[in-house]
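Peer 1: kindly generate the corresponding structure for this input.
(one chain, ligands or ions: 1)
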Amino acid sequence: MVTVHQDGQEIGTYPLEKEQTISIPYGEDGYNLLFISNGEASISDADCPDGLCVRQRAISHNGESIICLPHKLVIQISAGKEKELDAFIY
Ligand SMILES: [Zn+2]
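Peer 2: I've put the predicted structure just below:
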């Protein structure tokens, strides 16, 4: 799952399995576009002044995050790909 926090508030949780684009509004006319595909999440577009979130790599593993400081946005993987469970097989 990918969890979205804005300004410290959780605003949504989305499954990584389903390909979709989620528009996250910020303020009057700001936005970030969260793109989920192939079990990865990334910011495909945003109008924040620095644009750093758009350039961050796609995330897919538990604990990874993409942060947009100007929009106070935190995208975080809350449970990663199933292959990580391999570590518990013995
Ligand atoms: Zn940004």
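Peer 1: and the protein, which residues reach the ion?
Peer 2: With Cβ under 5 Å from the ion as the criterion, the chain meets the ion at residues A46, C48, C53, C68. Backbone N, C-alpha and C define where each C-beta goes, glycine included.
Peer 1: just the pLDDT at the nearest residue in space to I36 that is not next to it in sequence, thanks.
Peer 2: Once its chain neighbours are removed from consideration, I36 has its nearest residue in Q20; the separation is 5.4 Å (Cβ to Cβ, 6 or more residues apart in numbering). With respect to pLDDT, Q20 scores 97.
Peer 1: burial measure for Y31, as a count.
Peer 2: Around Y31 sit 14 other residues, with neighbours defined as other Cβ atoms under 10 Å.
Peer 1: so it touches D47, yeah?
Peer 2: Yes. Y31 sits in contact with D47 when judged by Cβ atoms under 8 Å, with a separation of 5.9 Å.
Peer 1: centre-most residue in this structure?
Peer 2: The residue lying closest to the centre of the chain (Cα atoms, centre = their mean) is I75, at 3.4 Å.
Peer 1: roughly how far does it sit from N62?
Peer 2: 13 Å (Cβ to Cβ, to the nearest Å).
Peer 1: same check on N32?
Peer 2: Separation of N32 from N62 (Cβ to Cβ): 22 Å.
Peer 1: more neighbours, these two?
Peer 2: Each of N32 and N62 had its neighbours counted (other Cβ under 10 Å), and the higher figure belongs to N32 (26 against 13).
Peer 1: which residues touch the residue nearest to I36?
Peer 2: Y14, F35, I36 (Cβ atoms under 8 Å, 6 or more residues apart in numbering).
Peer 1: the second one - that's part of a strand, no?
Peer 2: I take that to be F35. Yes. Applying DSSP: H, G, I helix; E, B strand; the rest coil, one finds F35 inside a strand.
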